[in-house]
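# Need a 3D model of the sequence below.
(chains A and B)
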Number of protein chains: 2
Amino acid sequence: MKQVVLKSYARGNPKPEDFAIEKAPVPQPGEGEILLKTLWLALDPLIRFAIDEQRLTGATQVQLGEVMYGPTVSEVIVSHHPDYAPGDIVEGRTGWREYAVVNPGKSDYRGPPRKLDLSLAPVSTALGVLGMPGQTAHAGIITIGRVQAGETVVISAAAGTVGSIAGQIAKILGARVVGIAGGQHKCAALRELGFDAAVDYKAGDFAEQLKTACPEGIDVYLDNVGGDVTLTVMPLLKHGARMPVCGFIAYYGMGLEGPGPDRLPGFFRMINSKGLEIRGFGGFIVGGQKALEDIAGWVREGRLKYPEAVVEGLESAPQAFAGVFSGNDNVGKLLVKVAEAS
Amino acid sequence: MKQVVLKSYARGNPKPEDFAIEKAPVPQPGEGEILLKTLWLALDPLIRFAIDEQRLTGATQVQLGEVMYGPTVSEVIVSHHPDYAPGDIVEGRTGWREYAVVNPGKSDYRGPPRKLDLSLAPVSTALGVLGMPGQTAHAGIITIGRVQAGETVVISAAAGTVGSIAGQIAKILGARVVGIAGGQHKCAALRELGFDAAVDYKAGDFAEQLKTACPEGIDVYLDNVGGDVTLTVMPLLKHGARMPVCGFIAYYGMGLEGPGPDRLPGFFRMINSKGLEIRGFGGFIVGGQKALEDIAGWVREGRLKYPEAVVEGLESAPQAFAGVFSGNDNVGKLLVKVAEAS
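Residues are numbered from 1 along each chain as shown, chains lettered A, B, ... in the order given. Predicted coordinates:
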């Protein structure tokens, strides 16, 4: 089978050359273990934390030469565990490989592989709208953002998995929703998803366009990026605005400090003078089962769409993952289709 | 009478030379107006916003040649208004002058001069513990910080008015309270006020001392300063910690940007990875009447002390105000005693 290992830790944006494709024997499940065949692999920006040279977070770290970490949907091929049977489809974190052996009795804090209900939606959605990204979007808009009908909600990286779901949830709640994304293709896709407006942060007049799209100011800003985009949004925040911070992709390639000047003084000034409420989350506050039930209902009713961008074959993963950081043209969930189910 | 006018807008820290002392005729009250004699003048750091060269906030601006803005306690000398009588003591914002005329019917958003209950405490407390600073401390610890018994609370600028009150309120709630202040004199004063520990940010081993004082990490950080102090505190915050931002004195003399490197990347990383809840307030969210009643009760019971640092005479104001920013040795409320009541 094929697997992808880490060749060098990421400095700045990850590059395809940071990874190598290897052949390896298909592992054999022992007592209590199950053999999984990878069907889908999710290329989430969060994976960047697992390969950071400086190890600034508490995230799982991949060592050099080890198989890359990553969320997957797999088919159970062999089971030596009573809770799983061949043919079951599960969501787990088995990494960038075609087959993996897992011991469901010895799981990490996120629990054993989750068996999927095949009647709900295609199984790839377990990595997106019907999985942690969906729960994260739900938490950002509902639990933390406390979005109300009539409010103006702005979302950065709006064409990403969390952003595209979050925007649609805010629309379902009756808010006016403005997405920020890179390029006209992504912006058009957001309008098709029902966003009231979409603004291209690469446009020369981005700040003016954003202001025009938010004539009454901004009540909630769901931030996935930080950096220049966020510093352009903040002057438009209303007094008492809420700002759930789900990610900060502009800074993933940096340590604790970036090139000057220091922008923290202006950030503090805005926190204080606007009475902002800023709350970090993402990977922590998930909406749990209730969020998944809400989302499954909206998907069933056709009110929540889940665009997917699919690349074929495990060997495509390094190039596609690097594209996440260098600015690709994908809308929605970025997935590698590794194999068909049996 | 004497008055202090603004000679030059502040760049960086205010200097005594930015102000001039003038003689002026005592103003005469017209119909509906009252004549006030200034007894006490508060030298709050917040006043810095009123004289900023760059006008970065929406605060009242003092023009060059105009009398300086500032909160005061005054005695009513002449009244042409039915709600006020000669001898009443009021709290208002009549500025750096010995006498002022006010029309209570034409007040700014903060309302007409507030008549004081002389039985509660000395009238100077209307500018501190029994006024807006007390309400701000109450909001920071109770409404925003949601401090619980047994939690560890850290307060920066802890020897200031808000900080010294906030720390005592947190102690009343049963928290472990650690104050940060500049110099051994201030730290000793904090311990006398009942703080469990006080750490000198000017000490070479400040970060280690702080860590030792917070062996289990920090649940709530009430920030009055920003800058290096805050960046030293943040790594000790627990997951989900609350951080009410009451002020940011380290940046008052700066615009939106300071000298590099850019510290915003590390700030975002901590917001996100620690799931922090950061909320700006100060001058906005005040606890209202309920806060004043709580505080008056604690003062009466002797559980809440209100240290005051008093300088004599209006002509001392420029020098004393400049000292607020250059690091003075005062503990608690900094007041100018302008005159005795009749």
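
# The stretch 101-250 of chain A: helices as residue ranges?
Counting by DSSP state H, counting those that start in this stretch, the stretch 101-250 of chain A has helices at residues A:132-138, A:161-172, A:184-192, A:206-213, A:227-233.

# Mean neighbour count and distance to residue B:18 for these - can I get that in TSV?
From N, CA and C alone the C-beta is placed, and that goes for glycine too. Shown next, in TSV, are these (neighbours: other Cβ atoms under 10 Å in any protein chain shown; distance: least, Cβ to Cβ, whole Å):
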stretch	mean neighbour count	distance to residue B:18
helix A:132-138	28	50
helix A:161-172	28	48
helix A:184-192	18	49
helix A:206-213	16	34
helix A:227-233	20	31
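
# Any idea how many residues pack against the residue in chain A positioned nearest to chain B?
Chain B sits closest to residue A:260 of chain A, with a gap of 1.3 Å, by Cβ to the nearest Cβ. Here the count is done by other Cβ atoms under 10 Å in any protein chain shown, and residue A:260 has 13 residues near it.

# OK, contacts around it?
Taking Cβ atoms under 8 Å, 6 or more residues apart in numbering or on different chains as the contact definition, residue A:260 lies against B:259-262.

# Roughly how far does it sit from residue A:271?
With distances defined as Cβ to Cβ, to the nearest Å, the gap from residue A:260 to residue A:271 amounts to 20 Å.

# same deal with residue A:27?
Residue A:27 sits 50 Å away from residue A:271, going by Cβ to Cβ.

# How about residue A:299?
Distance, residue A:299 to residue A:271, by Cβ to Cβ: 36 Å.

# So the two - more neighbours on which side?
Summary of the neighbour comparison: residue A:299 and residue A:271, criterion other Cβ under 10 Å, with residue A:271 having more neighbours (24 against 19).

# Am I right that that one falls within a helix?
Yes. The assignment for residue A:271 by DSSP: H, G, I helix; E, B strand; the rest coil puts it in a helix.

# Tell me which residues touch it, please.
The neighbours of residue A:271, taking Cβ under 8 Å, 6+ apart as the test, are A:278, B:245, B:248, B:278-280.

# same question, residue A:338
The neighbours of residue A:338, taking Cβ under 8 Å, 6+ apart as the test, are A:38-41, A:72, A:98, A:313-314.

# Spatially nearest residue to it (excluding sequence neighbours)?
Closest residue to residue A:338 apart from its sequence neighbours, by Cβ to Cβ, 6 or more residues apart in numbering or on different chains: residue A:38 at 4.4 Å.

# And the strand or helix carrying the one you found, what does it pack against?
With elements delineated by DSSP states H and E, residue A:38 resides in strand A:34-42, which encompasses its position. With contacts defined as 3 or more Cβ pairs under 8 Å, 6 or more residues apart in numbering or on different chains; DSSP states H and E, the secondary structure elements packing on strand A:34-42 are strand A:72-79, strand A:89-92, strand A:99-102, strand A:333-337.

# Which residues does the second one contact?
Outside of strand A:89-92, the residues that reach it under the criterion Cβ under 8 Å, 6+ apart are A:36, A:39, A:71-76, A:84, A:102, A:112-116, A:118, A:123, A:126-127, A:131, A:341.

# I only care about those that end up buried; give me the ChimeraX line for that.
Buried residues within these, as defined by 16 or more other Cβ atoms under 10 Å in any protein chain shown, are selected in ChimeraX through the command that follows:
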select /A:36,39,71,72,73,74,75,76,84,102,112,113,116,123,126,127,131
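
# ok, back up a step: take the helices and strands packed on strand A:34-42 and write them to JSON lines, including mean pLDDT.
Formatted as JSON lines, the helices and strands packed on strand A:34-42 follow (pLDDT from 0 to 100):
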{"stretch": "strand A:72-79", "mean pLDDT": "98"}
{"stretch": "strand A:89-92", "mean pLDDT": "96"}
{"stretch": "strand A:99-102", "mean pLDDT": "97"}
{"stretch": "strand A:333-337", "mean pLDDT": "96"}
